[in-house]
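In: Take a look and give me a structure for this.
(chains A and B)
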Number of protein chains: 2
Amino acid sequence: MSAPIGVLDSGFGGLTVLRELRRALPHHDFVYLGDSGRAPYGGREAEAVLDFSEQCVERLFAEGCRLVVVACHTVSSVALRHLQARYGSETRRVLGVTIPAAECAVGATRGRIGLLGTARTVASGTFTTEVRKLADVLVVERAAPLLAPIVEDGWEETDVARAAVRRYVATLGDIDTLVLGCTHYPLLRRAFEGALPPEVTLLDPAPWVAERLVDWLARHPSFASPGTGRLRFLSTGDPARFAELGERFLGEPVGEVEYLAERGGALVPAVRVVPRGQLVR
Amino acid sequence: MSAPIGVLDSGFGGLTVLRELRRALPHHDFVYLGDSGRAPYGGREAEAVLDFSEQCVERLFAEGCRLVVVACHTVSSVALRHLQARYGSETRRVLGVTIPAAECAVGATRGRIGLLGTARTVASGTFTTEVRKLADVLVVERAAPLLAPIVEDGWEETDVARAAVRRYVATLGDIDTLVLGCTHYPLLRRAFEGALPPEVTLLDPAPWVAERLVDWLARHPSFASPGTGRLRFLSTGDPARFAELGERFLGEPVGEVEYLAERGGALVPAVRVVPRGQLVR
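Out: Numbers count the residues shown, from 1 in each chain, chains lettered A, B, ... in the order given. Modelled structure (predicted):
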């Protein structure tokens, strides 16, 4: 029986990673969990990021996954070691995006790497730590807290997006390579290209994440479990909105989105009720 | 013994309300609770807003308050009736901002009211319901999800803020009165003034909220409990950041900020630890 690969993200952003994973592994099934109801994670306390990501990973294992890819850089920077220690076993694994991001940055740079990410990602310093294990280069990490909300609101092609990207790029100083350290930012590629000097390399780590996963599966064949290329989508936010916005991230229609609610510290399938007016329990 | 008045908000925004309450009641003590660690509430599911606001109200009562003012329009629109039903008694009361906002809008309008607020505030339709109880006028409510994050990030005087405000104002169509239906928006007053035609009245409900509270205390003298004008600040987010940004909202230095953490479904005093790198439990 085939086991789907789980992909975890704080919202829609990770669909840009799923797109690359599907391209690299077209015969695998995937279950994507976007915690849109609690996004963005980037401004949250680290403890909250751990709580939320535990619940997401547990849901994905409950859905039959044996391998979970943490697409979200915030979770990967702060909680990956914990998730691996808590859930990793001979039959279950959790992989992240920070080391692949560091690898492709080191491969591309001429010595000065910049990263934009969420406040939590940058506060962790994990990307810099991983780069320094690979090469003695300069790393500048800066928080860009408005970019994920701008993309979640569908404003990536507006003057607001362009002005915000310009301001964040200006905080990085003199760099030769810019890593998009949040899964939302690839949708702002045009704004970034407009804001960066032509000699700066713009890097979305997602294709490299996919390439590293293919390699990892070759080295861990017991986790390779091809199916029929089936996709499922789970979300803690509005499923209709997820389906509508998700298409922009995934590059293909999303179809049905299954709603999850938090009940007693776990994410469980539920019927979503949108109350009008005052809500009284 | 004097009892402080509790003021509840999802983050810093409610400090614009506290500023007006202090001006109107300079001898009262106040305890302000900003749930910055879980802000913004505006995109959250209604159930989450109820959970969070229950925890905040319970903490404020535990701090000795007998009267809690919900400064946050999102909480006031969605959860006020619930909070009043659950916690209101002869000795404890919870008041909101939606009815005062409706009252001052009806007092100012020539027939066409616009409101900008969070997605959750607008989805509730509560402001329109309250206006309709008072007058037969047109009400247009539109969500402005990026404005609170722009202000929380200190970007209220930037081209990003001006462009975003222009876009949201354009969604309102032909109005004569614009209600700032989120406690963050008064900090964007200059951007709003630049985006609105001169004949549109711009309304921050906060001074009227304060005036109504003075009136309410005169009618409920057992809740009037003047002290020495003392202020305390509680926050679930970074206390240093709260103190720094809070001054802009309050109009005076904030001083010490006490940190609260969520433990077992309650907000309790705690020591804040900011982990670097991976966090392992």
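In: which one is whichever residue of the stretch 51-200 of chain A sits closest to chain B nearest to, not counting chain neighbours?
Out: Minimum separation of the stretch 51-200 of chain A from chain B (C-beta to the nearest C-beta) falls at residue A:81, amounting to 3.8 Å. Glycine gets a C-beta too; all of them are placed from N, C-alpha and C. Sequence neighbours aside, residue B:278 is the residue nearest to residue A:81 in space, at 3.8 Å (criterion: C-beta to C-beta, 6 or more residues apart in numbering or on different chains).
In: So for stretch A:156-165, what gets flagged as buried?
Out: Residues A:156, A:158, A:159, A:160, A:161, A:162, A:163, A:164, A:165 are the ones in stretch A:156-165 that count as buried (16 or more other C-beta atoms under 10 Å in any protein chain shown).
In: ditto for stretch A:138-147
Out: Buried, per 16+ other C-beta under 10 Å, within stretch A:138-147: A:139, A:140, A:141, A:142, A:143, A:144, A:145, A:146, A:147.
In: Among the buried residues of stretch A:156-165, which pair sits farthest apart?
Out: A:156 and A:163 (12.6 Å; C-beta to C-beta).
In: Show me which residues of the stretch 151-281 of chain A are close to chain B?
Out: A:153, A:155, A:158-160, A:163-164, A:167, A:236-237, A:261-262, A:274-281 (C-beta under 8 Å from any C-beta of the partner chain).
In: same deal with the stretch 1-150 of chain A?
Out: Residues of the stretch 1-150 of chain A lying near chain B (C-beta under 8 Å from any C-beta): A:37-39, A:43-48, A:50, A:77-82, A:85-86, A:123-126, A:129, A:145-146, A:149-150.
In: Show me which of these are buried.
Out: Among these, those classed as buried by 16+ other C-beta under 10 Å are A:37-39, A:43-48, A:50, A:77-82, A:123-126, A:129, A:145-146, A:149-150.
In: From the rest of the structure, what touches stretch A:117-128?
Out: A:40-44, A:46, A:49, A:73-74, A:76-78, A:98, A:101-102, A:115, A:139, A:141-145, A:148, A:179, A:181-182, B:274-278 (C-beta atoms under 8 Å, 6 or more residues apart in numbering or on different chains).
In: and the residues you listed, which of them are in strands?
Out: Among those, the ones falling in strands (DSSP state E) are A:115, A:139, A:141, A:142, A:143, A:179.
In: got a list of what the last one touches?
Out: What it means is residue A:179. Applying C-beta under 8 Å, 6+ apart, we find residue A:179 in contact with A:101, A:104, A:105, A:113, A:114, A:115, A:116, A:127, A:203, A:205.
In: Give the helix, strand or coil label for the second one.
Out: Assigned with DSSP: H, G, I helix; E, B strand; the rest coil, residue A:104 falls in the helix class.
In: State the pLDDT value of the residue lying closest to it once chain neighbours are set aside.
Out: Counting by C-beta to C-beta, 6+ apart, residue A:208 is the residue found nearest to residue A:104 once chain neighbours are left out, at 4.1 Å. pLDDT recorded at residue A:208 is 97.
In: quick one: contacts for residue A:208?
Out: By C-beta under 8 Å, 6+ apart, the contact list for residue A:208 reads A:100, A:101, A:103, A:104.
In: Go again with 7 Å.
Out: Contact analysis of residue A:208 by C-beta atoms under 7 Å, 6 or more residues apart in numbering or on different chains lists A:100, A:103, A:104.
In: Turn the residues you listed into CSV, columns for neighbour count and pLDDT.
Out: Listed next are these as CSV, based on neighbours: other C-beta atoms under 10 Å in any protein chain shown; pLDDT from 0 to 100:
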residue, neighbour count, pLDDT
A:100, 22, 97
A:103, 19, 98
A:104, 21, 97
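In: ok, those vs residue B:194, which is closest?
Out: The shortest approach to residue B:194 among the contacts of residue A:208 belongs to residue A:104, at 42.7 Å (C-beta to C-beta).
In: That closest one against residue A:205, yeah?
Out: Yes. Taking C-beta atoms under 7 Å as the definition, residue A:104 is a contact partner of residue A:205 at 5.4 Å.
In: how's chain A carved up into domains?
Out: A:5-97+A:207-269, A:99-204 (automatic domain parsing).
In: Check chain A and tell me which residue is nearest its centre.
Out: The residue lying closest to the centre of chain A (C-alpha atoms, centre = their mean) is residue A:72, at 2.6 Å.
In: What residues of whatever helix or strand the residue nearest to residue A:104 lives in count as buried?
Out: Taking DSSP states H and E as the criterion, residue A:208 maps to helix A:206-219. Residues of helix A:206-219 classed as buried by neighbour count (16+ other C-beta under 10 Å): A:206, A:207, A:208, A:209, A:210, A:212, A:213, A:216, A:217.
In: for stretch A:110-129, same thing?
Out: So for stretch A:110-129, counting by 16+ other C-beta under 10 Å, buried means A:112-129.
In: next one: stretch A:19-29
Out: Per 16+ other C-beta under 10 Å, stretch A:19-29 contains these buried residues: A:19, A:20, A:21, A:22, A:24, A:25, A:28, A:29.
In: Taking these, tell me the two that lie furthest apart.
Out: A:20 and A:29 (16.1 Å).
In: which residues of the stretch 151-281 of chain A fall in strands?
Out: Along the stretch 151-281 of chain A, the stretches classed as strands by DSSP state E, counting those that start in this stretch are A:177-180, A:201-203, A:231-235, A:258-263, A:266-269.
In: helices or strands up against the last one?
Out: By that I understand strand A:266-269. helix A:46-62, strand A:258-263 (3 or more C-beta pairs under 7 Å, 6 or more residues apart in numbering or on different chains; DSSP states H and E).
In: Dump these to CSV, plus distance to residue B:227.
Out: What follows is the helices and strands packed on strand A:266-269, written out as CSV (distance: least, C-beta to C-beta, whole Å):
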stretch, distance to residue B:227
helix A:46-62, 34
strand A:258-263, 39
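In: Mind putting these into a markdown table with mean pLDDT?
Out: Shown next, in a markdown table, are the helices and strands packed on strand A:266-269 (pLDDT from 0 to 100):
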| stretch | mean pLDDT |
| --- | --- |
| helix A:46-62 | 94 |
| strand A:258-263 | 93 |
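In: surely residue A:171 meets residue A:142?
Out: Yes. Under the criterion of C-beta under 7 Å, residue A:171 makes contact with residue A:142 at 4.6 Å.
In: Contacts only, for residue A:73.
Out: A:97, A:98, A:117, A:121, A:181, A:182, A:183.
In: redo that, cut-off 10 Å
Out: A:9-10, A:13-14, A:17, A:41-42, A:96-98, A:101, A:115, A:117-118, A:120-122, A:124, A:126-127, A:179-185, A:205 (C-beta atoms under 10 Å, 6 or more residues apart in numbering or on different chains).
In: Please tell me how far it sits from residue A:206.
Out: Distance, residue A:73 to residue A:206, by C-beta to C-beta, to the nearest Å: 11 Å.
In: shared neighbours of the two, anything?
Out: By the contact definition C-beta under 10 Å, 6+ apart, residue A:73 and residue A:206 are jointly contacted by A:14, A:17, A:97, A:101, A:180, A:183.
In: mind listing which of those residues are in helices?
Out: If you go by DSSP state H, these have A:17, A:101 in helices.
In: Can you tell me which of the shared contacts of residue A:73 and residue A:206 is nearest residue A:242?
Out: In terms of C-beta to C-beta, no member of those lies closer to residue A:242 than residue A:14, at 11.8 Å.
In: so that closest one sits right up against residue A:148, yeah?
Out: No. Assessed by C-beta atoms under 10 Å, residue A:14 is found out of contact with residue A:148, at 11.4 Å.
In: ok, back up a step: between the domains of chain A, which gets nearest to residue B:66?
Out: Here domain A:5-97+A:207-269 is closest among the domains of chain A (C-beta to C-beta), at 29.9 Å.
In: That closest one: how far from the chain's middle?
Out: 8 Å (C-alpha atoms, centre = their mean, to the nearest Å).
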